[in-house]
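A.B. asks: Attaching a predicted model along with its sequence, questions to come.
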Amino acid sequence: MTDVLARIGRVLLAFLAHTGRLSAFTATAVSHVVRPPFYPRLILREMVEIGYFSLPVVGLTAIFSGMVLALQSYTGFARFSAEGAVATVVVLSMTRELGPVLAGLMVAGRIGASMAAEIGTMRVTEQIDALTTLSTNPFKYLVAPRILAGTLMLPFLVLIADIIGVFGGYIVGVYKLGFNSATYISRTWEYLMPLDVISGLTKASVFGFLITLMGCYNGYYSKGGAQGVGAATTNAVVSAAIMILVFNYVITAMFFGK
Amino acid sequence: MTAPAKIELTGVHKAFGAKVVLDGIDLSVARGESVVVIGGSGTGKSVMLKCILGLLRPETGSIRIDGEEVVGVKAKDRDRVMRKFGMLFQGGALFDSLKVWENVAFGLIQGQKMDRATARDIAIEKLAQVGLAASSGELFPAELSGGMQKRVSLARAIATSPEIIFFDEPTTGLDPIMADVINDLIVKCCKEVGATALSITHDMASARKIADRIAMLYKGRLIWVGPAKDIDHSGNEFVDQFIHGRAVGPITMELRA
């Protein structure tokens, strides 16, 4: 019996310690994002890495999502003769949900993993200690530029994903399902509200923050050589993905929950 | 002695959980002196160094640099003290995303806000001091051999002309000849910049060469401190066993962690 209690206690303590450490890390990281000195070169490099080099993978994800969305909603809605709603369904789903969530998940796999691996390797090879001895704060030099770049770039990435996704829906709608091109476009715009896009871009920004935060956090505290870095990489992607899904609900509830 | 010691440790304790690593370290290093701390693996040598550098925080005890307390001070004061330090890491710890010259110039560009062109000139000069051609400055650390990486790391440690340089096992992983080259460079560089040096190693050849004084760390305590020339007749059986590398003696390797 005491054995079981001890085990529960250990798990609970580990969880609390982990939560505390993550909170402290987040607070320190954010405080360094807003305080000088800044490293414009590094911020720019991360912005290019996150924003520009993620375009192919995010674009591919978006176009096929838009296409399949058009196809699925057409066959589904045909059962109660509501095929005309396809364009509206595609544009609302893309901007409000699929754009930010799918782009977020793809970027979590691409960027979160590489950040955790890079910072984790720097940790186990003492490069982070070396930064400190060279009068450079690792939070300022490594963490702040990444978090800033992630938070700023994800909305742009998602905006592009939205457009490509809607375009994917248009292709299927016009060339496969036989909609009139002008009608499809006017249907797309008809029910779209600014808030639909704004809520999606807000999500994107939060996801960008979460992805880079989890990448940096897991890398920063990795230990024990190659295996530790591997674990950090896995944790960075998994925790970012879970947090994206949780915060997706929370933000949706904040915008639209009545 | 009127001037305060360059580095002064008094009663430094550090434990990780229940495991006591440093159990009351007292050590004083005078200006311009080179002290080498020897000891087996896992005796707390690196932990001691990291406490002085401020990468770890000791539970009790005081560490003074130029008479100024550094344990538990604010980040700003800590940064100021940090500028006096240079450090050669065991694995080199070169930034693999940066070119060799950028590595050497890192402390100048980021720490001292020097412009890149000037920092680059200094970096190339420092590379020459450790026997590397200017052309190697354009390479990435991964393209260099182990010995060359150590040299670059040494150049980076001395680039900011620090008052105190720490050497963490400077010769580990090098062949005996390259180890001797590095030892010579350490002695030469410390003389040139007039730096105080604190090294940790278990390589006795290296310790004899670079040390003015040697201290031996065993089970979290300094069990012997004395001039390097006295190491062979220390009268301490722990020291004797260590410097002759004998398996049998008062030091027993803890095979179970």
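C.D. replies: Here it is on my side, so go on.

A.B. asks: Check which element follows the host helix or strand of A:A113 along the chain.
C.D. replies: For A:A113, the element it lies in under DSSP states H and E is helix A:113-124. Downstream of helix A:113-124, the next assigned helix or strand under DSSP H and E is helix A:127-133.

A.B. asks: what about that next one and chain B, any contact?
C.D. replies: Yes. Helix A:127-133 is in contact with chain B by Cβ under 8 Å from any Cβ of the partner chain, via A:Q127, A:D129, A:A130, A:T132, A:T133. Just so you know, the C-beta spots here come from the backbone N, C-alpha and C atoms, and that holds for glycine as well.

A.B. asks: contacting residues around the helix or strand following that helix?
C.D. replies: Beyond helix A:127-133 on the C-terminal side, the first helix or strand identified by DSSP H and E is helix A:138. Identification of contacts with helix A:138 by Cβ atoms under 8 Å, 6 or more residues apart in numbering or on different chains yields A:I128, A:L131, A:T132, A:Y220.

A.B. asks: what sits against the third one?
C.D. replies: Translated: A:T132. By Cβ under 8 Å, 6+ apart, the residues touching A:T132 are A:P138, B:L53, B:G54, B:L55, B:M82.

A.B. asks: Make a markdown table from these and add distance to A:G228, neighbour count and pLDDT to it.
C.D. replies: Shown next, in a markdown table, are the contacts of A:T132 (distance: Cβ to Cβ, whole Å; neighbours: other Cβ atoms under 10 Å in any protein chain shown; pLDDT from 0 to 100):
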| residue | distance to A:G228 | neighbour count | pLDDT |
| --- | --- | --- | --- |
| A:P138 | 17 | 20 | 90 |
| B:L53 | 22 | 21 | 87 |
| B:G54 | 23 | 21 | 84 |
| B:L55 | 18 | 16 | 84 |
| B:M82 | 27 | 21 | 83 |
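
A.B. asks: Out of the residues you listed, list just those in helices.
C.D. replies: Mapping those onto helices (DSSP state H) picks out A:P138, B:L53, B:M82.

A.B. asks: Relative to chain B, how far out is the first one?
C.D. replies: Distance, A:P138 to chain B, using Cβ to the nearest Cβ, to the nearest Å: 11 Å.

A.B. asks: can you give me the helices for the stretch 51-200 of chain B?
C.D. replies: B:75-82, B:100-106, B:116-129, B:146-159, B:176-193 (DSSP state H, counting those that start in this stretch).

A.B. asks: With respect to B:I210, which of those helices lies nearest?
C.D. replies: helix B:176-193 (5.2 Å; Cβ to Cβ).

A.B. asks: Around chain A, which positions in the stretch 151-257 of chain B sit nearby?
C.D. replies: With Cβ under 8 Å from any Cβ as the criterion, the stretch 151-257 of chain B meets chain A at residues B:R156, B:T160, B:F166.

A.B. asks: Got a quick ChimeraX command for the buried subset of those?
C.D. replies: Of these, the buried ones go into a single ChimeraX selection, burial set by 16 or more other Cβ atoms under 10 Å in any protein chain shown:
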select /B:156,160,166
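
A.B. asks: By proximity to chain B, which residue of the stretch 151-258 of chain A wins?
C.D. replies: Proximity of the stretch 151-258 of chain A to chain B (Cβ to the nearest Cβ) peaks at A:G225, 11.3 Å away.

A.B. asks: Not counting sequence-adjacent ones, nearest residue to that residue?
C.D. replies: Nearest non-adjacent residue to A:G225, counting by Cβ to Cβ, 6 or more residues apart in numbering or on different chains: A:V124, 5.6 Å away.

A.B. asks: what does B:G249 give?
C.D. replies: Closest residue to B:G249 apart from its sequence neighbours, by Cβ to Cβ, 6+ apart: B:Q241 at 3.3 Å.

A.B. asks: Enumerate the positions of whichever strand or helix holds that neighbour that are buried.
C.D. replies: Assigned by DSSP H and E, B:Q241 falls within helix B:237-244. By 16+ other Cβ under 10 Å, the buried positions in helix B:237-244 come out as B:F238, B:V239, B:D240, B:F242, B:I243.

A.B. asks: Name the nearest of those relative to chain A.
C.D. replies: Set against chain A, the nearest of those by Cβ to the nearest Cβ is B:F242 (25.4 Å).

A.B. asks: Quick check: that closest one touching B:M216?
C.D. replies: Yes. B:F242 is within contact range of B:M216, at 6.5 Å (criterion: Cβ atoms under 8 Å).

A.B. asks: which neighbours do the two share?
C.D. replies: Common neighbours of B:F242 and B:M216 (Cβ under 8 Å, 6+ apart) are B:I38, B:G39.

A.B. asks: In terms of model confidence, name the weakest of the residues of the stretch 151-257 of chain B next to chain A.
C.D. replies: Sorting these by pLDDT puts B:T160 at the bottom of the list (85).

A.B. asks: Could you find the residue in the stretch 1-150 of chain B that comes nearest to chain A?
C.D. replies: Distance from chain A to each residue of the stretch 1-150 of chain B (Cβ to the nearest Cβ) is smallest for B:G111, at 3.3 Å.

A.B. asks: what's the neighbour count on that residue?
C.D. replies: Applying other Cβ atoms under 10 Å in any protein chain shown, we find 17 residues neighbouring B:G111.

A.B. asks: which residue sits closest to it, ignoring its sequence neighbours?
C.D. replies: Nearest non-adjacent residue to B:G111, counting by Cβ to Cβ, 6+ apart: A:S135, 3.3 Å away.

A.B. asks: Identify, from the contacts of helix A:138, the entry nearest to chain B.
C.D. replies: Set against chain B, the nearest of the contacts of helix A:138 by Cβ to the nearest Cβ is A:T132 (6.3 Å).

A.B. asks: Show me what counts as buried in stretch B:83-97.
C.D. replies: Those would be B:83-95, for stretch B:83-97 by 16+ other Cβ under 10 Å.

A.B. asks: hang on, the earlier thing: need the max-distance pair from the contacts of helix A:138.
C.D. replies: A:T132 and A:Y220 (12.5 Å).

A.B. asks: Find the residue ranges of the stretch 1-150 of chain B scoring beneath the pLDDT cut-off.
C.D. replies: Low-confidence segments of the stretch 1-150 of chain B, defined by pLDDT under 70, span residues B:1-3.

A.B. asks: can you give me the strands for it?
C.D. replies: Along the stretch 1-150 of chain B, counting by DSSP state E, counting those that start in this stretch, strands occupy B:7-16, B:19-29, B:34-38, B:60-65, B:68-69, B:85-88.

A.B. asks: Now distance to B:M204 too, for the ones you listed, in TSV please.
C.D. replies: Listed next are the strands of the stretch 1-150 of chain B as TSV, based on distance: least, Cβ to Cβ, whole Å:
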stretch	distance to B:M204
strand B:7-16	23
strand B:19-29	19
strand B:34-38	7
strand B:60-65	27
strand B:68-69	34
strand B:85-88	19
